[in-house]
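Asker: okay, here's the prediction I keep looking at, along with the sequence it came from:
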Amino acid sequence: MSRYPHLPAALLGLLEAGPWEGTPTELYIALEPYRVEPWPANPVSLSLWLKHHAEAHGIQVEAHHTGERRVLRLARVANGLKGASEPEHSGTIPPNTAAFWSFPTWGALREGLPEVFDAHPSEMTFTLAYRYPNWQSARVVKRFFLESEAAEDSLRYPQVCEVRIYPGEVDIATVWPMENRIEYAEL
């Protein structure tokens, strides 16, 4: 378990608008609105956490020096830092090496689902996860039912902040941590 259990959700919240770039101190300040104790004591401890734990939480980090300062570039793994061109549909299509597919709306998920299936032709189960500002839900769905289950959930929960599809069965508490998560049994 991470020493800072609320930090991954805070970082992912910050990255909802897209990749972020700045110094560790600027990042520490930018995360202040998301702060929930326990929290890194300073920018150095934040940087160390990023170095050792960010990737496991779906956050890509690049660090470089400009000669005067250290600069960090962060993005959700699904959004990526390289090749940030326009997606083929209104969702976020990750590179094939990404751990999950991220969509801002249910409509974007419906548009992108054929690409998800094309990228994972032999995968028979997927984890469907979605997040509201204060809670999230996740469940394992058989490939055949994924489209209909997503359509049903879109009617029940129309105003999601993000919808994710993970190939296979994943532990959402680990890969997309948040309090107040509701889990359902496999269908």
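Answerer: Structure received.
Asker: in this protein, which spans are strands?
Answerer: 20-22, 59-65, 70-76, 101-103, 125-131, 136-142, 162-167, 181-183 (DSSP state E).
Asker: using TSV, lay out the ones you listed together with mean neighbour count.
Answerer: Where C-beta positions appear, they are placed from N, C-alpha and C, glycine not excepted. Output for those, formatted as TSV (neighbours: other Cβ atoms under 10 Å):
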stretch	mean neighbour count
strand 20-22	15
strand 59-65	14
strand 70-76	19
strand 101-103	25
strand 125-131	22
strand 136-142	20
strand 162-167	23
strand 181-183	12
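Asker: tell me which of those strands sits nearest to N42.
Answerer: Nearest to N42, of all the strands of the chain, is strand 70-76, at 14.0 Å by Cβ to Cβ.
Asker: between the two ends of stretch 12-21, how far is it?
Answerer: Stretch 12-21 has its terminal residues 14 Å apart, counting by Cα to Cα, to the nearest Å.
Asker: which parts of it are buried?
Answerer: Residues 12-15, 20 are the ones in stretch 12-21 that count as buried (16 or more other Cβ atoms under 10 Å).
Asker: from those residues, which is closest to L46?
Answerer: The closest of the buried residues of stretch 12-21, once distances to L46 are taken by Cβ to Cβ, is L14, at 11.9 Å.
Asker: as a markdown table, the strands of the chain with mean pLDDT and distance to L109 would be great.
Answerer: Output for the strands of the chain, formatted as a markdown table (pLDDT from 0 to 100; distance: least, Cβ to Cβ, whole Å):
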| stretch | mean pLDDT | distance to L109 |
| --- | --- | --- |
| strand 20-22 | 88 | 24 |
| strand 59-65 | 85 | 21 |
| strand 70-76 | 87 | 16 |
| strand 101-103 | 80 | 4 |
| strand 125-131 | 88 | 9 |
| strand 136-142 | 89 | 12 |
| strand 162-167 | 85 | 5 |
| strand 181-183 | 47 | 19 |
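Asker: need the pLDDT of A30.
Answerer: A30 is assigned a predicted lDDT (pLDDT) of 90.
Asker: that one against G13, yeah?
Answerer: No. The criterion here is Cβ atoms under 8 Å, and A30 misses it with G13 at 10.5 Å.
Asker: ok so, going back, from the buried residues of stretch 12-21, pick the one nearest R139.
Answerer: Comparing the buried residues of stretch 12-21 against R139 with Cβ to Cβ places L12 closest, at 19.7 Å.
Asker: which residues does the residue lying closest to that closest one once chain neighbours are set aside bridge with?
Answerer: Spatially, and ignoring its direct neighbours in sequence, L12 is nearest to R76 (6.5 Å; Cβ to Cβ, 6 or more residues apart in numbering). Note on R76: beta-bridge partners by DSSP bridges are I59.
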